[in-house]
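Asker: need coordinates for the below:
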Amino acid sequence: MKSTYTEAHLIGRWQTPDPDNGYKATITITFTPDHVLHYVFENQYSKSEIQNTWAYSRNILTEYSEYGTWQGAIQWLTDDYFVLTIIENGEPAYKGRKRYYQRLPEPKK
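Answerer: This is a model prediction of the structure:
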């Protein structure tokens with residue numbers, strides 16, 4: 001594991017299970033080099049997508065949307081795994097919750 005990671009290391013697709021919903025769900029996020037962040041939330045009942053912008057500095061991920069600014073602390077476990085601890089996402093009950101993300105392979109073209 002590297003001692004420091006830059007925002008370039010986030011570029012790509014990542015996925016985590018989201019057991020907070022009480023049923024099987026996943027969150028897939030894609031970080032692009034032009035600082036666009038694309039979310040896909042999926043469960044057995046629905047699929048929704050959100051697009052925001054992002055910045056990363058000193059292990060803090062900041063997300064900007066029309067609804068506000070959200071932050072999470074990233075702890076890198078390996079080059080392909082990180083833990084995101086929610087600092088602020090607009091929902092007080094989520095503060096401090098952890099999500100474990102794994103890098104996904106790039107889709108074949």
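
Asker: residues contacting Ile74?
Answerer: Tyr5, Tyr56, Asn59, Ile60, Leu61, Phe82, Val83, Leu84, Thr85 (CB atoms under 8 Å, 6 or more residues apart in numbering). For every residue, glycine as well, the C-beta is placed using N, CA and C.

Asker: so in terms of bridging, what pairs with the most centrally placed residue in the chain?
Answerer: In the chain, the residue lying closest to the centroid (CA atoms, centre = their mean) is Ile29, at 5.5 Å. Ile29 has these beta-bridge partners by DSSP bridges: Trp14, Tyr39.

Asker: ok, it touching Arg13?
Answerer: Yes - with contact defined as CB atoms under 8 Å, Ile29 reaches Arg13; the gap is 7.3 Å.

Asker: re the thing from before, what does the pLDDT read for the residue nearest to the centre of the chain?
Answerer: Listed pLDDT for Ile29 reads 96.

Asker: give the buried residues for stretch 96-107.
Answerer: Within stretch 96-107, the residues scored as buried using 16 or more other CB atoms under 10 Å are Arg99, Tyr101, Arg103.

Asker: could I get stretch 40-55 in PDB with only the CA atoms?
Answerer: Extracted as PDB, the C-alpha positions of stretch 40-55 are listed here (Å, rounded to 0.1, in the frame of the first residue of the first chain):
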ATOM      1  CA  VAL A  40     -25.700   4.300  -9.600                       C
ATOM      2  CA  PHE A  41     -27.900   3.000  -6.700                       C
ATOM      3  CA  GLU A  42     -29.400  -0.400  -7.400                       C
ATOM      4  CA  ASN A  43     -31.600  -2.700  -5.400                       C
ATOM      5  CA  GLN A  44     -34.200  -5.400  -6.300                       C
ATOM      6  CA  TYR A  45     -36.900  -2.700  -6.800                       C
ATOM      7  CA  SER A  46     -35.200   0.200  -8.500                       C
ATOM      8  CA  LYS A  47     -32.200   1.800 -10.100                       C
ATOM      9  CA  SER A  48     -31.400   5.500  -9.800                       C
ATOM     10  CA  GLU A  49     -28.500   7.600 -11.000                       C
ATOM     11  CA  ILE A  50     -27.000  10.800  -9.800                       C
ATOM     12  CA  GLN A  51     -24.200  13.000 -11.200                       C
ATOM     13  CA  ASN A  52     -22.100  15.500  -9.200                       C
ATOM     14  CA  THR A  53     -18.600  16.900  -9.200                       C
ATOM     15  CA  TRP A  54     -15.800  16.000  -6.800                       C
ATOM     16  CA  ALA A  55     -12.500  16.900  -5.300                       C
END
